[in-house]
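> return atomic coordinates for the entry below.
(one chain, ligands or ions: 2)
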Amino acid sequence: MKKRDHTKLICDVGELSGLFKDVTSLEVFLQKIVEMIAEHMHSDVCSVYLFDEQMREIVLKATKGLNPASIGIVKLRLGEGLTGIALKEMRPICKKNASSSPGYRYFPDIGEDPYESFLAVPILRGQMRIGVIVIQNVQKNYFDEEDIKAFRAITSQLANIIETTKMLMELNVQKLTNKKIGNGQPLKLVKGKVGSQGLAFAEGVVWEEVSVDLDARKEGNERVYSLEDFHRAVRLTEKQLEDLQQQVEAKLSDVASLIFTAQILMLKDQTFLEAIEKLINDEHYDPAEAIIHTVRRYVDMFERLSHPHLREKKQDVKDVGRRLMDNLRGIPEGKAEHNEKIVVARELFPSEILKLSSQGVAGIILLSGGVTSHLSILSRSLRIPLIIADEDLLLNMDPRTPVLMDAEQGNIYIDPSRDIVDSFRKREKERQDIFSLKDSVKEVTYTKDGVNIQLLANINLLSDLKLARAFKAEGIGLYRTEFPFIVRSNFPSEEEQFTVYKKLVEGMPGQEITFRTLDIGGDKVLSYYNHSKEENPFLGMRSIRFSLKHKDIFMQQLMAILRAGRNAKIQIMFPMISSLDEFLEAKAIVEECLRDLQKRQIPCHRNPKIGIMVELPAVLEIIEALAREVDFFSIGTNDFIQYLLAVDRTNEKVSEHYLPEHPSVLRALKKVVEAAQKHKKEISICGDMAHEARYIRYLLGIGIRRFSLDPCYIPTIQNFIESVDLRKMEQQTRQVMAQDRIQDIVQMME
Ligand code: PEP
Ligand code: MG
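Ligands and ions are numbered 1, 2, ... in the order given. The predicted model follows:
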C-alpha cells in the first residue's frame, strides 16, 4: 500500500492552491475539495455532508466515489448512521468493518456497498455543527491513527471555508422550496419515521389537491345526457354508497358506523340536487358540466369553512362528484379514487384513514404526527403502511408520480430507479403473509433461563382480534375504547358501546380483558365535542379528566363495560391518572354504576379489578399510596415519556428528544415496578416500548413480566424473549441504571 503523505495534504489544504480554479458554483467547489482529499488520502470515497440546522438533517453535498445522483438526496438525522453519530457526538468515528458496526446505516442505490473502512470527522465551529467529511475504502482496516490525526487537522482547516460555503448555499434555500418533485426532478429519497410497517409501490396522490379532476373524464365521450340520465345517476350512486357502507360495516363494525353518511346525505340534499337541476333546466348546461360546476362550488365553500373537521367534507363532495360522473356516463363502478395509491397528506382525520382503507389505499405518507400518534396506531390496525416525513416538497409531487414506500426502514423513494424497484419486488415476494407466522408462535413464552413472560394484545379495532387469536395472545392488556368515539359523529350510546364490547369479550373467550376507559383529547379529538379546540390539547381536557367532568358519558361507558363483561374476566383501567384522589373518584363512579345496575337487576360483572395506567410523572412520588389502592398498574410509555421529558409525541420535529433510554425514564419505570412488587400488584407495559426488542431486555431486567403489544409484533418479541438470559440481563440492567448520560446508555443498549 502506498504510504499516504499527510504533511503534503495538510499544506495543500492550507494553501488551498488551485482550489478555486474553474469553480463555477459552490457545489463544484465542494466537489473539488472531496476530490482533492480522496486523492491525497488514497481513499476510494470522500464525501462532504452539511448540517441543515433548520431541518435538523445532515445532507450529502459532494462526493467522490459514491453515486453522484445521491447528492442532495441522502439525508440523515443527527445520531443516525455512523456519519450522524460523528456529528451528534462531535467526535471522529473510525470503523475497520463498517457494515457490521452498530449504528451503520445502509442506503441502497448510493453505491457504498463495498466500502468497509470508514472514517468520519465532524466539521465544527466551536460548538456549532457545520457538517461531516467521510472517507471510505474498500479494504478493511485501512485507516490508522495517523490518518485520523491528519484528517482532523484537515477538517479544522476547512471548517471556516466550508462554513462560508454552507451559509451561501443556505441563501439559495428559497429556490429549493419552490422546486417541484416528480418525473425526473431531483427529490428522490425522503427519509421518515415508520408509523405502520409495510411495503408499497404505487402512484402518489397528494390529498390536499382538491381540484375537482372531473373534466378529463369528458374526453372521448360525445353523448348528450338528459335530466333523466342525471336522476338515474343519483339513484345508482346512492345505492353504491349504501352497499359500500354495508361492506365496511361488516368489516369494521366498531368504528365504521355511518362513515359514508355524509356522502349519502349529500345525494338527498335538495339544495345540492336542485343547484344541478337548475343549471341543466334553466341554463342549458350539459348534466356533466352541471355536476362539475356545482361540485366545485361546494368544494370551495367547504374549503372556506374554519372548522378543520368541516373541511373534511370537501373530500366527500369530491367523491360524490366523481361517482355521479361515472354513473352518468355509464362507466362501471371501478376502482375508487385512492385504490392502490399512495396518499400524501399534511394531516388526516381517523375517519379519512378508514375511508382510504375501505378504498384499498396502498400506503399513506403524513407530513405531521408521530410514530406513537393515534393515526399511526390506527393504521397499524388497518394494516396500511404509514411513514411520517417532515418534508413539504412531497406536497408538490406531480400527479401519478411512482412512489415506493419502504415502511420498514422509513424510506420514501420518488420515481425510484429500476434497481430499487427490483429489490422491492424481491422483498415483497419474500415478505410473508403475517398470518403465516401463526404456527411458529407458542402458547406460552419463556426466557432462555426458563422464566415465564406473558404476552397480551393491544386492541384498537375489533378487527385486531383475529391476529391476537392467531398469535395466541394471553389476553387483552389494553383495549383502546376511544376509536368508536373518534370516528362517529356523536357520542356512541350505551347500547352501541355494549354491542361493540360484547363482540370484544366474545372474541377472546375465557381470557382476561382490560378495558381502558375513554382516552380522548390530545391527538384524539372528537369532531362533535365543541370544546375540543385547545392550545395545548395534551395538557388539556384529556382522558380521565374528560370522563370525570362528563360523568354521564363516563357512566354510560362503564355500564356498557360492566354489562358486556358479565361472565368474563374483565378489568377496568383508567388512563392518565395524576393523583390518588382522581383514582378514588373514578373508582367510586364504577361502584355507583355497579349499585345502579344491581338495583335495576341488570346482569353485569360484579367485581372487576380496577387499575390505572401510569402515564404521568406526577404519580411517581405517590406510587406507594397508589399501589396500596389499585388492583394493577399498566405503564403507558408513549405518554409517560412524553410527559416526563416534555416532548410532544406527535411532533416529528422534536422526535430526537423522545428518548425511552433517558435515565430518568428507566429509573422511573423501575420505581413503579418496585412499588407494584412490594404491594403484590400486577404490573405490565402497554406502550410502544413493549414491542421494541432493544428495550424489552431492560424492561425484563427491571422486573416486568407482562407485556401488552400490537398483536402483529408478538412473533418477533416472543422469539426475542426466548433468546434473553434473564439473570445476565438483570446484571446488565444494573449497569445501565447506574449511567447518568443518555449517550452511555444508548451505547450499552446497542
Ligand atoms: C401509552 O400512552 O403508552 C398508551 C398505551 O396509551 P395511548 O398510546 O393510547 O395514549
Ligand atoms: Mg396513553
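> strands of the stretch 501-650 of the chain, residue ranges please.
For the stretch 501-650 of the chain, the strands defined by DSSP state E, counting those that start in this stretch cover 512-516, 569-574, 609-614, 632-635.
> chain center to the shortest one, what's the gap?
Relative to the chain's own centre, strand 632-635 is displaced by 25 Å; criterion: CA atoms, centre = their mean, to the nearest Å.
> I'd like the average pLDDT over it.
Over the span of strand 632-635, the pLDDT mean works out to 98.
> reformat the strands of the stretch 501-650 of the chain as CSV; add distance to ligand 2 and mean neighbour count.
Every C-beta, even on glycine, is put in place using the N, C-alpha and C of the backbone. Shown next, in CSV, are the strands of the stretch 501-650 of the chain (distance: least, CB to the ion, whole Å; neighbours: other CB atoms under 10 Å):
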stretch, distance to ligand 2, mean neighbour count
strand 512-516, 8, 24
strand 569-574, 11, 23
strand 609-614, 6, 24
strand 632-635, 10, 24
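> so which of those strands gets nearest K75?
Set against K75 and scored by CB to CB, those come closest in strand 632-635, at 34.0 Å.
> adjacent strands (with direction) for that closest one?
Counting by DSSP bridges, the strands paired with strand 632-635 are strand 609-614 (parallel), strand 682-685 (parallel).
> tilt between the longest one and strand 569-574?
Translated: strand 609-614. Interaxial angle of strand 609-614 relative to strand 569-574 (axes from the mean of the first three to the mean of the last three CA atoms, to 10 degrees): 40 degrees.
> and strand 609-614, how far out from the chain middle?
Mean-position distance between strand 609-614 and its chain equals 27 Å (CA atoms, centre = their mean).
> could I get that strand in CSV with only the CA atoms?
Provided in CSV are the C-alpha atoms of strand 609-614 (Å, rounded to 0.1, in the frame of the first residue of the first chain):
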residue,chain,number,x,y,z
LYS,A,609,-60.4,-5.4,39.0
ILE,A,610,-59.7,-1.7,38.8
GLY,A,611,-56.3,-0.3,37.9
ILE,A,612,-54.6,2.6,36.4
MET,A,613,-52.3,3.5,33.6
VAL,A,614,-49.0,5.0,34.7
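> mind putting the strands of the stretch 501-650 of the chain into TSV with distance to F498?
Formatted as TSV, the strands of the stretch 501-650 of the chain follow (distance: least, CB to CB, whole Å):
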stretch	distance to F498
strand 512-516	12
strand 569-574	13
strand 609-614	19
strand 632-635	24
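> need the residues of the chain near ligand 1, please.
372, 478, 480, 519, 615, 636-639, 686-687 (CB under 6 Å from any ligand atom).
> measure the residue nearest the centre of the chain to ligand 2 for me?
Centroid-nearest residue in the chain: G195, 2.1 Å away (criterion: CA atoms, centre = their mean). From G195 over to ligand 2 the distance is 16 Å, taken as CB to the ion, to the nearest Å.
> grab the nearest non-local neighbour of that residue.
Counting by CB to CB, 6 or more residues apart in numbering, G195 lies nearest to S376, which is 3.2 Å off, once chain neighbours are set aside.
> again, but for D390
E652 (4.6 Å).
> contacts only, for the one you found.
E652 is in contact with 192-193, 368-370, 388-390, counting by CB atoms under 8 Å, 6 or more residues apart in numbering.
> wait, which of those residues is closest to P350?
Nearest to P350 among the contacts of E652, with distances taken as CB to CB, is G369, at 11.5 Å.
> ok, the closest one to R649 distance?
From G369 across to R649, the span is 9 Å (CB to CB, to the nearest Å).
> find residues that contact each of those two.
The contact sets of G369 and R649 overlap at D523 (CB under 8 Å, 6+ apart).
> what's the pLDDT at the residue of the stretch 201-350 of the chain found nearest ligand 1?
Closest approach between the stretch 201-350 of the chain and ligand 1, counting by CB to the nearest ligand atom: P350, at 12.8 Å. pLDDT for P350: 78.
> how many neighbours does the residue nearest to it when sequence neighbours are not counted have?
Excluding the flanking residues, the one nearest P350 by CB to CB, 6+ apart is I486, at 5.0 Å. Residues within reach of I486, counting by other CB atoms under 10 Å, total 20.
> for I486, list the residues it contacts.
When contacts are counted by CB under 8 Å, 6+ apart, I486 touches 255, 350-351, 374, 520, 524-526.
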